[in-house]
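K.L.:
Below are the sequence and a predicted model; questions follow.
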Amino acid sequence: MTRPMTITEKILAAHAGLPEVEPGQLINCKLDIVLANDVTAPISIKEFAKIGVEKVFDPTKIALVPDHYTPNKDIKSAEQAKMVRDFARAQGVTHYYEVGCMGVEHALLPEQGVVGPGDVIIGADSHTCTYGALGAFSTGVGSTDAAAGMATGEAWFKVPASIKFNLTGKLGPWVGGKDIILHIIGMIGVDGALYQAMEFTGETIESLGMDDRMTICNMAIEAGGKSGIIAVDDTTRAYVEGRFERTPVEYFSDPDAEYAAVYEIDASTIVPTVAFPHLPSNTRPATEARDIWVDQVVIGSCTNGRIEDLRIAASILKGHKVHENVRCIVIPATQEIYRQAMHEGLFDIFLDANAAVSTPTCGPCLGGHMGILAAGERALATTNRNFVGRMGDPTSEVYLASPAVAAATAVAGHIALPDDLA
Amino acid sequence: MKFTGTAHRYGRDIDTDVIIPARYLNTSDPVELGKHCLEDLDAGFVTKVSPGDILVADENFGCGSSREHAPISIKAAGVSVVIAKSFARIFYRNAINTGLPIMEAPEAADGIKDGDRVSVDADAGIITNETTGETFQAQPFPPFVKDIIERGGLVESIKAKLG
C-alpha cells in the first residue's frame, strides 16, 4: 500500500517511474510536452546547441509558439521569431505555429489537443500552469530548463506540497473564474503558495466551464504557485474528447492525502474583484473602484482571451459605445476563437461599440506591442500582471479584472460593473 | 566562490518586469540586457553598481515571468550574488541554471543596509556584513542542486550526464 497521495503527487510519481513520492523529494520526470515562445525559445536554442546533442528528444513533443511579439513588432523581434522558425524546421518540430495558425500559447495548446489529462508539461513561460485545468501537472520554467527538456525529455523537480482550495456555493452575478483566482491571491498573497501546488476542488469549481477553469489555473503563478490543478470530470472529458492527440490519463487525489493547508471558501461571498497596482494580490471589490478613470481597456491574453470571455464582454458591450476617452482593445487568443467570435457576430458588437479587434498576440499584456501605455496612463485589463511598467511606461498603471468588469469599464470610462450601465 | 562588494538593498516582491522590462526582451544579448537591469525600480542602478556588488532583498525576489533574461541581466550588470529572504521558484531555478549565485538568508537580509560592505563565502554559505561585523548563515542548497551549481549550471550538468 502506497502512501495516500494528491493528484499532483500521483502524476509526478507516474512520470518518475516511482510507486510513490512525497513533498520535498527531488525527482526526475519524463516530459510529455516542452514548450517555448518567441521570447524564451531563442535562449533555449542557444543553450540546446551548447548541450551538444543534434536532435530534440522527440519532435512531436516540442511546442514552439511565437506569440509574444508577433506579428513581429520590430526587426529585433523578427530576428528572434526567425531563429525559432529555423530551429523548428531544422528539427522537424510538429507543433510549431506560424502567424495565421498561431495563438496565445496557453489558449492554443489545450484547444489544439497538444496537452491533456495526466500529462507532465514544462514551458518556458510562467503561465504554463494553465494546463492544470485539464488535470495535468504543468509548470513554468526558464529557457535553460526548457533546453534541457528538449534535449533529454526529462526535467528535475522538487515534489511540491499541495494546498487545497475547496469552493462551495453558487457564484453571484458577473462573478467568474477571474474573480475566484483574484480573491484567492488577495487572500494568500503573491507568495502565499510559493513552491506549492494549488489544487482547486468543490462544487463551485465543478460548475465552471473549461475557460473559467483555465483562468483560475493560469494565475496560480501569481500566488507563487508551482502549479494549479483541477481534477478531470465530465466537463473536462467533453472538452478533451476528439481534441487531445494522446490518450488521457485521469488521476484523483486520495481522500486522506496530505495538504500543507486547506482553505474552505464560500464562493457565494466572492464579488467582482479588481487588483490595483502594482501587485495581483492588491485586490478590492470592483464596487470600491468606481472612482478610477481609465485610458485603455484590454480584453484578451492567456488569462481571459477565450470564447466565453469574449461572449461575456460582447453581451455587455452590445448596444453601447466605448467611452470617448477610452481605447478598448479586444484580442481573441487564437485563430479558432477569432473565427468563432466572428461567426457568432461578436465582432459586429465590438466594432459597433468602437472597440478595436486584434489578431491573436500576447501584445500589450507584457508591454510588448498593440496597446502600450504612455506616462501616467491607466489601463484596466483582463490580463494577469499589474507590476510597475508591465504595460508600458513605468509611471503607467494596470488594474486587473474579469471580462465583465472590463467591458463595463470600457463603456463607463471608469471602473464599473455591468449593472452600472444604463 | 568568494565575493566582496557593496550592498544594494531593495524590498519584497521584486518582479522580473522591473528587473528587465519586456520592452528589452526583443534581444537575448547579455550586454544589452545588463544595461537596463532594474531600470523600472531604480533608474540609477546601472550607473551606481560596481562589478562584484551584491543585491539584497526581502521575500519573493524574482516573482512573475519565467524570463531567464532577468538573472542574465543581473549577472551582466556586474552583480556577484543575490541575497534574499526568499526567491520565487522559477527565478530560483533560472539563477542556478545560468550560474548566478543566489543565497536564501532571511537574517542576513535583515542585517544588511543599503551601502554596507558585504563579503560572501558561497561554498560555506557564510555572509559577513563587513560594515557591522555581523556574520550570517545562508540556507544550504540540496546536494542535487549543489551538484548543478558546482558543474557550472544545468547545461554542463546535462553534458556530464549524457557523457
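P.N.:
The structure has been received and is ready for your questions. Residues are numbered from 1 along each chain as shown, chains lettered A, B, ... in the order given.
K.L.:
quick one: the strands in chain B?
P.N.:
Here chain B has its strands, by DSSP state E, at B:2-9, B:54-57, B:81-84, B:102-104, B:117-121, B:126-129, B:134-137.
K.L.:
what about the ones you listed, which gets the closest to A:Ala313?
P.N.:
Shortest separation from A:Ala313 across the strands of chain B is recorded for strand B:54-57, at 38.2 Å, computed as C-beta to C-beta. Placement of C-beta: from N, CA and C, glycine included.
K.L.:
how about the closest residue to B:Pro71 other than its chain neighbours, what does it touch?
P.N.:
Excluding its sequence neighbours, the residue lying closest to B:Pro71 (C-beta to C-beta, 6 or more residues apart in numbering or on different chains) is B:Leu100, at 4.3 Å. When the contact criterion is C-beta atoms under 8 Å, 6 or more residues apart in numbering or on different chains, the partners of B:Leu100 are B:Pro71, B:Ile72, B:Ile74, B:Lys75, B:Val79, B:Val81, B:Val82, B:Asn94.
K.L.:
and B:Leu100, what pLDDT?
P.N.:
Each residue has a pLDDT score; the one for B:Leu100 is 92.
K.L.:
Drop anything exposed from the contacts of B:Leu100.
P.N.:
Taking 16 or more other C-beta atoms under 10 Å in any protein chain shown as the criterion, what is buried in the contacts of B:Leu100 is B:Pro71, B:Ile72, B:Ile74, B:Lys75, B:Val79, B:Val81, B:Val82, B:Asn94.
K.L.:
Tell me if I'm right that the third one and B:Cys37 touch.
P.N.:
Yes: in this structure B:Ile74 lies within contact range of B:Cys37 using C-beta atoms under 8 Å: 5.9 Å.
K.L.:
shared neighbours of those two, anything?
P.N.:
Between them, B:Ile74 and B:Cys37 have B:Ile19 as joint contacts when contacts are counted by C-beta under 8 Å, 6+ apart.
K.L.:
tell me what the least confident helix or strand in chain B by mean pLDDT is packed against?
P.N.:
Least confident helix or strand, chain B: helix B:143-150 with a mean of 83, by mean pLDDT, DSSP states H and E. Under the contact definition 3 or more C-beta pairs under 8 Å, 6 or more residues apart in numbering or on different chains; DSSP states H and E, helix B:143-150 sits against helix B:89-98, helix B:154-162.
K.L.:
Select from the ones you listed the stretch with the lowest mean pLDDT.
P.N.:
Mean pLDDT per stretch puts helix B:154-162 lowest among these, at a mean of 89.
K.L.:
Next, the angle from that one to helix B:89-98.
P.N.:
Relative orientation of helix B:154-162 with respect to helix B:89-98: 60 degrees, computed using axes from the mean of the first three to the mean of the last three C-alpha atoms, to 10 degrees.
K.L.:
got a list of contacts for helix B:154-162?
P.N.:
Applying C-beta under 8 Å, 6+ apart, the set of residues contacting helix B:154-162 from outside is A:47, A:50-53, A:144-145, A:147-148, A:151-152, B:96-97, B:147-148, B:151.
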